[in-house]
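Enquirer: compute the structure for the input listed below.
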Amino acid sequence: MPYTILTGLTETLPDNLILDCGELIRGINLTSMRSGLTTSYASAVTTTWTDWQSRSIVPRKLGTTRGDTKFMVGMNMTQVKANGLRIPMVGLDRVRHIAPTLSTALLEASSYQQLADILVASDVSSWGGTYDEFNQRLILEETDYLPNIAIAATRQGSPDQPVVIVLDNPISEKDPNFDFKDQDEVAVGVTFSARGLLNAPTTVPCHYFVSTITPNPFGSGS
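Expert: Here you go, the predicted structure:
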């Protein structure tokens, strides 16, 4: 007797696969990402822009990574407590905290640019063109926050329009982990945490970009 095997497979699965480790971009141009052009990503990683601190930002790769790069939304949500409640109720959820983070391991451990990004609150001295010395301080300044960090990964259905997640004003929140091991290379473990701005206290400092080249089979907003 013929029978049907039920699966969750959809015809759009090949298009919507996200492939491999992607790349990390420091200072991606969000204006270019929002241009509506098919070349928006290519422009976003090459076009200089000015951030809210009036810094001229040149987008560049953060550096070579090893292992996983993990993005965490960091949402903490709770239910309002009231007498008589026995089950969680619709409408009584409250977002208490959102703290987006991005964790990775950077392989170019002696790169000046990488060290400048991960050694928070550092003053740098150059000595005769041979060494740069990083000295950390106890007080952070606004310039210690990076303009943004983005993870971009290939979407099989639109290779030129990768999936992109952007953290605004990130800072290397946890101590970078320099792990020296015999017969291995140092990969610096680092976690970047997004930060909002005091003049926009309800704006979550995180953006998600996904290509609309392939129509969504489930309809708008699904």
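Enquirer: contacts and neighbour counts: CA atoms only from here.
Expert: Noted.
Enquirer: ok, Val211 to Ala200 distance?
Expert: Careful, residue 211 is Ser and not Val. Going from Ser211 to Ala200 by CA to CA, to the nearest Å gives 27 Å.
Enquirer: so Thr143 belongs to a helix, correct?
Expert: Yes - with DSSP: H, G, I helix; E, B strand; the rest coil as the criterion, Thr143 is assigned to a helix.
Enquirer: grab the nearest non-local neighbour of it.
Expert: Gln53 (7.8 Å; CA to CA, 6 or more residues apart in numbering).
Enquirer: give me the number of residues near the one you found?
Expert: 9 (other CA atoms under 10 Å).
Enquirer: shouldn't it be within a helix?
Expert: No - secondary structure of Gln53 (three-state DSSP): coil, not part of a helix.
Enquirer: determine the longest helix present in this protein.
Expert: Scanning the chain for the longest helix, with DSSP state H as the assignment, gives helix 112-118.
Enquirer: return the set of buried residues in that one.
Expert: Residues of helix 112-118 classed as buried: 114-115, 117-118 (neighbour count, 16 or more other CA atoms under 10 Å).
Enquirer: can you check stretch 95-111 too?
Expert: 98-109.
Enquirer: just give me how far stretch 198-208 sits from the chain centre.
Expert: 14 Å (CA atoms, centre = their mean, to the nearest Å).
Enquirer: so that it lines up with my notes, have the first residue be 8 from now on.
Expert: Happy to do that; since the first residue is 8 now, the last one works out to stretch 205-215.
Enquirer: buried stuff in that stretch?
Expert: 211-213.
Enquirer: got TSV for the residues you listed, with pLDDT too?
Expert: Below are the buried residues of stretch 205-215 laid out as TSV (pLDDT from 0 to 100):
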residue	pLDDT
Val211	96
Pro212	97
Cys213	97
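Enquirer: and which of the residues you listed is nearest to Thr76?
Expert: Cys213 (16.3 Å; CA to CA).
Enquirer: which non-adjacent residue is nearest that closest one?
Expert: Leu174 (4.7 Å).
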